[in-house]
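Sequence first, then the predicted structure:
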Amino acid sequence: MLKPILRLNAAAKSTVGKIVALVFCTFVLLLPGRSTIPPFDRDEPRYMQATAQMLETGNFVDVRFQDQPRYLQPAGIYWLEAASVWLSGTLKQREVWAYRVPSLLAMTGAVALTARIGAIMFGPAVGLLGGALLAGSVLVEAEGRMATIDSTLLLVVLIVQTMVLRALMDRSRDRQTPLWTALAYWLALGCGLMLKGPVVLIPGLATPLAMAVLERDASVWRRLRPSWGWLAMLAVVVPWCVAIDVISHGEFFERAVGRNFLGKIGHGQEAHGAPPGFHLAVFALAFWPGSLFAAIALPVIWASRKAWRIRFLLCWIVPHWLVFELIATKLPHYVMPTYPAIAILTAAALHAAPDNWRAWPARRWTQALLGIYGVVWLLVGVALSVAGIALSWFFEGHAPLSAWIAAGGSLPLLVVAIRQTVLGKVWRGAITSLGAASVVYCGIFLGVAPHLDTIWLAPRLAELTDEYRPCPDTEVVSSSFSEPSLVFLMHGKVELRSARAGGEMLARNPSCGLVLVSRRDEAQFQEGIGASGVKPIEYGRVRGFNYSTGKWLDIGLFGANPS
């Protein structure tokens, strides 16, 4: 069983064309919905608005959301998005796709590097399937469409791990590791620090150090030149750190490190607390459709665990996974940097698998667990296949043709994938399931999500406000919908305040004031107006569902008729 999984296929040198094809398919798969889906609350529009303000003010050091400092992480991602928006010339238009370009390119690059690493270690077929499993996973498809940090962080982690792999291969071939390999390793860590602070050090340092502990040999770590490499890493991040420390008078590090980074360890921030095991529990969905095949691959991976290639991938996965299972704050994307290694291990195990995978778990209880997991996997697949129909019917009262096509195309493929897997043709089953996933994603992101008007409240509220804006410098207060997507779409020119404060503003500025207030808060709004003599006029209403809070809203736009 060990020989096929350990063999280094010389044909890896001829995989460039195949990887390019995979990269092209990944790029195309990530395109649907990129320009038609509004900003996803709540994180994405915060990045977008802060980037827009950076370009408008010319301040590329002190990141802000409206008048509040955004001291959560360094400015790296804002610089990337600012470059994309500036090159596209779309700042005034607030085109969402421009802010999402860095994530698109980074995720495409991450898939390419995953395929390349897999091809170098186990051969072209393994590399291509590993890259495809990563590209087709639910979490990657979601994160790759959002203007947030995690796609770019994933690419940086892959660059770091590529340099560790090069050092490992140099050791196995008894040759010297080039200086540029170590330099690239430390510079990539510096770029990761500029993106999300110390988080990149968890996979970046843990992998070579864990291998040193397991092997009782620190030669790989020494090949990365830690004696001076840390200086190159700091050279990337220190200039900005000094500048922001001076500007914020130390407040940035107090918030970013003391509250945001260290605060997540002991307490679940923003209602994202969960017990250990959370990431394992959501893996069936987050890595779907590869999650079933990762479970199937476990026996082969365990049998080959002492091989340095397998050990390298396990040292990539296990320390990072354990850290984020133990900290209190948990979100699914926290363990995404381990997904490339999981995808490669899965593909390698499937490539080396015996003809009948049902014989792999020797005991009946393990076979039963694998069967149960297979049922869960199938239920997740069915739910994703019909999600477009269900969401459209629930929110809009009808389902578009694209939702039916997606379900009709993906469900038969899921049945075929399960049949192939049960018959022992797990490689074919994995490829077929990726085909089903591609149909699902195209249906949801191309034909369904952009047309769920009921949940996209911010674009409709911004459009209604612009239609009745009485003055060029109209003062707008939104009291019942406080999502950052509205701030971004209204170019930051909206105040998120209470209904009473909205009424007080309208009483003070009846000629050039507008207030967005829900029906349930209208009494407070009237109290704010008080005895000012201002008579509020309702210009229109927007009804919909705020998916961030889980509440249905009926929001009116009010102006005033001063007496």
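Received, thanks. All values reported here derive from a predicted model rather than from experimental measurement. Numbers count the residues shown, from 1 in each chain.

all helices of the stretch 301-450 of the chain, in order?
308-326, 339-351, 364-396, 401-422, 426-442 (DSSP state H, counting those that start in this stretch).

okay, those helices, which one's buried deepest?
helix 339-351 (a mean of 28; mean count of other C-beta atoms under 10 Å). Where C-beta positions appear, they are placed from N, C-alpha and C, glycine not excepted.

Now find how far off-centre that helix is within its chain.
Remark: helix 339-351 is offset 20 Å from the chain centroid, using C-alpha atoms, centre = their mean, to the nearest Å.

what do you get for stretch 392-402?
26 Å.

gap between Val63 and Asp245?
Distance, Val63 to Asp245, using C-beta to C-beta, to the nearest Å: 14 Å.

Tell me which of the two has more neighbours.
Counting neighbours by other C-beta atoms under 10 Å for Val63 and for Asp245 shows that Val63 has the greater number, 24 against 13.

which one is the more buried one nearest to, not counting chain neighbours?
Arg70 (4.6 Å; C-beta to C-beta, 6 or more residues apart in numbering).

Spit out the contact partners of the residue nearest to the spatial centre of the chain.
Nearest residue to the geometric centre of the chain (C-alpha atoms, centre = their mean): Glu143, 2.8 Å. Going by C-beta atoms under 8 Å, 6 or more residues apart in numbering, Glu143 touches 103, 107, 150-151, 154, 333, 336.

Tabulate these (CSV), appending neighbour count, secondary structure and distance to Gly76.
Shown next, in CSV, are the contacts of Glu143 (neighbours: other C-beta atoms under 10 Å; DSSP: H, G, I helix; E, B strand; the rest coil; distance: C-beta to C-beta, whole Å):
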residue, neighbour count, secondary structure, distance to Gly76
Ser103, 29, helix, 13
Met107, 26, helix, 16
Asp150, 26, helix, 13
Ser151, 27, helix, 13
Leu154, 29, helix, 14
His333, 21, helix, 17
Met336, 25, helix, 17
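
picking that back up, mind checking how far the residue nearest to the residue nearest to the centre of the chain when sequence neighbours are not counted is from Val335?
Excluding the flanking residues, the one nearest Glu143 by C-beta to C-beta, 6+ apart is Asp150, at 4.9 Å. Look at Asp150 and Val335: by C-beta to C-beta, they are 11 Å apart.

For the stretch 1-150 of the chain, give me the ranges with low pLDDT.
Within the stretch 1-150 of the chain, the stretches with pLDDT under 70 are 1-14.

50 instead?
Across the stretch 1-150 of the chain, the ranges flagged by pLDDT under 50 are 1-12.

any chance you could map the strands in it?
64-65, 68-69 (DSSP state E, counting those that start in this stretch).

can I get these in CSV with mean neighbour count and distance to Asp174?
Output for the strands of the stretch 1-150 of the chain, formatted as CSV (neighbours: other C-beta atoms under 10 Å; distance: least, C-beta to C-beta, whole Å):
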stretch, mean neighbour count, distance to Asp174
strand 64-65, 18, 53
strand 68-69, 12, 52
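
Put together JSON lines for these, with distance to Ala182 on each row.
Formatted as JSON lines, the strands of the stretch 1-150 of the chain follow (distance: least, C-beta to C-beta, whole Å):
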{"stretch": "strand 64-65", "distance to Ala182": "37"}
{"stretch": "strand 68-69", "distance to Ala182": "36"}
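
And the pLDDT at Leu168?
For Leu168, the pLDDT comes out at 96.

And for the one 4 residues further on?
According to the model's per-residue confidence, Ser172 sits at a pLDDT of 91.

I'd assumed Trp308 was in contact with it.
Yes. Ser172 is in contact with Trp308 according to C-beta atoms under 8 Å; the separation is 6.6 Å.

Return the member of the contacts of Glu143 nearest to Ser511.
Of all these, Ser511 sits closest to Ser103, with 42.5 Å by C-beta to C-beta.

Assess the claim that the closest one and Ala147 are in contact.
Yes. Counting by C-beta under 8 Å, Ala147 is a contact partner of Ser103 at 6.0 Å.

Low-confidence regions, this protein specifically.
Looking at the chain by pLDDT under 50, you get 1-12, 271, 355-356.

Show me how this structure divides into domains.
Listed domain ranges for the chain are 2-351, 357-451, 457-561 (source: automatic domain parsing).

Can you get me the start-to-end distance on the last one?
Just to be clear, that refers to domain 457-561. Taking C-alpha to C-alpha, to the nearest Å, the first and last residues of domain 457-561 lie 26 Å apart.

Could you single out the nearest of the contacts of Glu143 to Ala462?
Ser103 (23.1 Å).

got a list of what that closest one touches?
So Ser103 contacts 143-148, 151-152 (C-beta under 8 Å, 6+ apart).

Now compare those residues and name the two farthest from each other.
Top of the distance list for these (C-beta to C-beta): Arg145 and Thr152, 13.5 Å.

Assign Arg541 to helix, strand or coil.
Following DSSP: H, G, I helix; E, B strand; the rest coil, Arg541 is assigned to strand.

From Val517, how far off is it?
Arg541 is 10 Å from Val517, by C-beta to C-beta.

And for Leu234?
50 Å.

Tell me the spacing between the closest residue to Phe60 other than its chain neighbours and Glu81.
Nearest non-adjacent residue to Phe60, counting by C-beta to C-beta, 6+ apart: Met54, 5.7 Å away. Distance from Met54 to Glu81, counting by C-beta to C-beta: 9 Å.

These two: who's more crowded?
The neighbour comparison of Met54 against Glu81 (other C-beta under 10 Å) goes to Glu81, with 26 against 22.

Thought Tyr99 was touching the more buried one, still the case?
Yes. Contact criterion C-beta under 8 Å: Glu81 and Tyr99 qualify, at 5.0 Å.

Now list whatever residues contact both of the two.
47-48, 51, 147.

Could you report the neighbour count for the nearest residue to Leu434 once chain neighbours are set aside?
Nearest residue to Leu434, sequence neighbours excluded (C-beta to C-beta, 6+ apart): Gly136, at 4.5 Å. By other C-beta under 10 Å, the residues close to Gly136 number 28.

Kindly report the same for the one 3 residues further on.
Residues near Leu139, counting by other C-beta under 10 Å, number 20.

and stretch 44-56, how far out from the chain's middle?
Going by C-alpha atoms, centre = their mean, where stretch 44-56 is centred and where its chain is centred differ by 18 Å.

Keeping just the C-alphas, turn it into PDB.
As requested, the backbone C-alpha atoms of stretch 44-56 are provided in PDB (Å, rounded to 0.1, in the frame of the first residue of the first chain):
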ATOM      1  CA  GLU A  44     -17.100  42.200   3.600                       C
ATOM      2  CA  PRO A  45     -18.600  45.700   3.300                       C
ATOM      3  CA  ARG A  46     -16.500  46.900   6.300                       C
ATOM      4  CA  TYR A  47     -13.400  46.000   4.200                       C
ATOM      5  CA  MET A  48     -14.900  47.700   1.200                       C
ATOM      6  CA  GLN A  49     -15.900  50.900   2.900                       C
ATOM      7  CA  ALA A  50     -12.600  51.200   4.700                       C
ATOM      8  CA  THR A  51     -10.800  50.700   1.400                       C
ATOM      9  CA  ALA A  52     -12.900  53.300  -0.300                       C
ATOM     10  CA  GLN A  53     -12.200  55.800   2.500                       C
ATOM     11  CA  MET A  54      -8.500  55.000   2.200                       C
ATOM     12  CA  LEU A  55      -8.600  56.000  -1.500                       C
ATOM     13  CA  GLU A  56     -10.800  59.100  -0.900                       C
END
